[in-house]
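In: model this:
(chains A and B)
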2 protein chains.
Amino acid sequence: MKEITVFCPATIANISCGFDVLGLALDAVGDEMTVRKTAEKGIRIKKITGQDLPQDAEKNVAGIAGMALLEKSDYQGGFEIEIDKRIKPGSGIGSSAASSAGAVWAMNELLGQPFSNLELVQFAMQGEKLASDVAHADNVAPALYGGFTLVRSYNPLDIVSLPTPPELVATIIHPQIEIRTSDSRKILKTTISLKTGIQQWGNVGGLIAGLFKNDYDLIGRSLKDYVVEPIRSILIPLFGDVKFNAMEAGALGCGISGSGPSIFALSKGMEAAKKVAQSMHETYSGIGIPFEVHVSRINTQGVKKIG
Amino acid sequence: MKEITVFCPATIANISCGFDVLGLALDAVGDEMTVRKTAEKGIRIKKITGQDLPQDAEKNVAGIAGMALLEKSDYQGGFEIEIDKRIKPGSGIGSSAASSAGAVWAMNELLGQPFSNLELVQFAMQGEKLASDVAHADNVAPALYGGFTLVRSYNPLDIVSLPTPPELVATIIHPQIEIRTSDSRKILKTTISLKTGIQQWGNVGGLIAGLFKNDYDLIGRSLKDYVVEPIRSILIPLFGDVKFNAMEAGALGCGISGSGPSIFALSKGMEAAKKVAQSMHETYSGIGIPFEVHVSRINTQGVKKIG
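Out: Okay, here's the model as predicted:
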């Protein structure tokens, strides 16, 4: 195989209680990317459509992630990449992770799968580092493994695949204001109260147990964030209204997607998720901030070949 | 039924990463208790063997828990209780929880099970409040539900039953020094770093995923405590040596049981657990502190009728 075209899923990191450790992959939102082997060494970004992003491989997350892979590979050639960028950068649904993960997954396929998913995450994390100064894994892990993932530990990197209850559907509103991941990390406090910590790890435990048990009520009860949401939500216009209305519309839970500004909700069933989408539309209509709303099942496969 | 005799299991709270939320019940260590209906109202502690504990029902955890139950019941009579106390108070393996949980479970049986397990936990928590100033649930929940339990939230009280991997065996050493739960709570810091919090909820997630997946390695990797163990372990003589030697002997993980001074280890299989017991014996032998070592499978049933 000389060339491959892949779907690179958008992802929701943190999922309320699981700051820096939990993430999930989406089915209906993502980039497309074509990767081609070349005799010439190194990585070249040949074309980017959809968004205005740097084509210099050293300034592009897909390029950086690809270089991290090449460095560990005995492959003597290089790759060229074409990206159809459908996830808006800075949206909080893993735009950089989709590119980083998609690039290394595609390259691994073209090389005959010499690397494990865990290794691919490590390469893709280099792209994340370029994008947000921190080599976080909570978007690239679900993008590569699919479904829900837990980053149990960063040192050593330990990623745990979690089950996906079949009726779970995500709704996401992306208010098109810019919040840089690096900025949204800076406003977080460096300490939390022990009491808050206990609440948070109780909820992480509850959410994970809910995923294994297909217990949608327990999932809903556990989708609480006492650590980050109270601080970060002030950067997102109408966050409280969106959340209140989404819960009224029947969502199991609602919170900030990654570092925002996107807001996600999880619902049981497509019908409920669409009602939540409607409520998000209504909440944001007429206030003068452009926005997009997505409804998506959970993608249990991760990056996948589409051509 | 007028009279019942029950086994009241010892329990391990916290289980390293899950401070205040996780607990498990033991099979081979516990009290025995006989509870009898009486025409006379109220609770009377008729006899306590094994330990020197107050027989005044208002000063006894079983009495207090029983009164909490009576208050919510339309039963017009009372109960008398005989306790064969085999778990040493102050050992850190849920001595007070065993009495509280055993009493209310037995009474509920005698009344024809009018109360749910969740209600029984709430009654038993009143006993815990008497014992340690705090109405914690992380010992009484596993004592009543059996197996591993998660206290997802205290307000409202939300308890999640977790699966028990069949080959998991606990080893416990009880150094017979006194650490009061209330004292061991006072030395804890009221804040933790966000970074420590992230590590902790990553491990809670990993441990719970490991229980569902029967993944003993993942359970072992997750049995880490960055919050409490570094502080409380200084109160326990030779904690570091016991842990090091237990891990060398093949334990999956090792930590403080509840608020100590008992130290627990979890191992895969009885043979490994016995080797760990041997290492604990050797570590504590000859230093002049009396100790007991127990090896126990996990009790998946909780309090149970034995007569």
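In: buried residues, the stretch of helix or strand A:G23 belongs to. List them.
Out: Per DSSP states H and E, A:G23 falls inside strand A:22-38. For strand A:22-38, the buried set under the neighbour-count rule, 16 or more other Cβ atoms under 10 Å in any protein chain shown, comprises A:22-27, A:29-37. Just so you know, the C-beta spots here come from the backbone N, C-alpha and C atoms, and that holds for glycine as well.
In: just those now: which is nearest A:D225?
Out: Distance to A:D225, by Cβ to Cβ, is smallest for A:L22 among the buried residues of strand A:22-38, at 10.7 Å.
In: so what's the closest one closest to, chain neighbours aside?
Out: Nearest non-adjacent residue to A:L22, counting by Cβ to Cβ, 6 or more residues apart in numbering or on different chains: A:I15, 4.4 Å away.
In: pull the residues that contact the worst-scoring helix or strand of chain A on mean pLDDT.
Out: Least confident element among the helices and strands of chain A, by mean pLDDT, DSSP states H and E: helix A:181-186 (a mean of 74). Helix A:181-186 is contacted from outside by A:90, A:131-134, A:232, A:235, A:258-260, using Cβ atoms under 8 Å, 6 or more residues apart in numbering or on different chains.
In: and the next helix or strand past that helix?
Out: In N-to-C order, the element after helix A:181-186 by DSSP H and E is strand A:191-193.
In: what is the helix or strand encompassing A:V121 packed up against?
Out: Using DSSP H and E, A:V121 maps to helix A:117-132. Helix A:117-132 is packed against helix A:61-72, helix A:95-110, helix A:140-145, strand A:157-162, helix A:181-186, with contacts defined by 3 or more Cβ pairs under 8 Å, 6 or more residues apart in numbering or on different chains; DSSP states H and E.
In: on that earlier part again, next one: the residue nearest to A:L22 from A:K59, what distance?
Out: Look at A:I15 and A:K59: by Cβ to Cβ, to the nearest Å, they are 30 Å apart.
In: tell me the buried residues in stretch A:167-187?
Out: A:168-175, A:179, A:181, A:184-185.
In: wait, which of those is closest to chain B?
Out: Among these, A:R185 lies closest to chain B (Cβ to the nearest Cβ), at 10.2 Å.
In: which SSE is the closest residue to chain B within the stretch 51-200 of chain A in?
Out: Per Cβ to the nearest Cβ, A:R152 is where the stretch 51-200 of chain A lies closest to chain B, at 3.7 Å. If you go by DSSP H and E, A:R152 is part of strand A:148-154.
In: could you do A:H294 as well?
Out: strand A:291-297.
In: pick the most deeply packed of the helices and strands packed on helix A:117-132.
Out: Ranked by mean neighbour count, the helices and strands packed on helix A:117-132 are led by helix A:140-145 with a mean of 33 (mean count of other Cβ atoms under 10 Å in any protein chain shown).
In: that helix - what's its average pLDDT?
Out: In this model, helix A:140-145 has a mean pLDDT of 98.
In: kindly report the same for stretch A:290-298.
Out: Stretch A:290-298 carries an average pLDDT of 97.
In: list the buried residues for it?
Out: A:291, A:293-298.
In: contacts for that stretch, please.
Out: A:10, A:24-29, A:147-148, A:164, A:168-176, A:270, A:273-274, A:277, A:280-281, A:284.
In: can you give me the angle the strand holding A:R152 makes with strand A:22-38?
Out: Here strand A:148-154 runs at an angle of 90 degrees relative to strand A:22-38 (axes from the mean of the first three to the mean of the last three Cα atoms, to 10 degrees).
In: quick one on the thing from earlier: if you skip the residues just before and after it, what's nearest to the residue of the stretch 51-200 of chain A closest to chain B?
Out: B:G206 (3.7 Å).
In: do you know the pLDDT at the residue of chain A positioned farthest from its centre?
Out: Ranked by distance from the centre of chain A (Cα atoms, centre = their mean), the top residue is A:A39, with 32.6 Å. pLDDT for A:A39: 97.
In: that one against A:E80, yeah?
Out: No. Using Cβ atoms under 8 Å as the test, A:A39 is too far from A:E80 to be in contact (10.8 Å).
In: need the residues touching each of the two.
Out: Common neighbours of A:A39 and A:E80 (Cβ under 8 Å, 6+ apart) do not exist.
In: in the sheet, who's paired with the residue positioned nearest the centre of chain A?
Out: Centroid check for chain A by Cα atoms, centre = their mean gives A:T11 as the closest residue, at 2.4 Å. When bridges are assigned using DSSP bridges, the partners listed for A:T11 are A:A25.
In: near chain B, which residues of the stretch 51-200 of chain A? Just list them.
Out: With the criterion set to Cβ under 8 Å from any Cβ of the partner chain, the stretch 51-200 of chain A comes near chain B through A:150-153, A:158, A:160, A:162, A:188-195, A:197-200.
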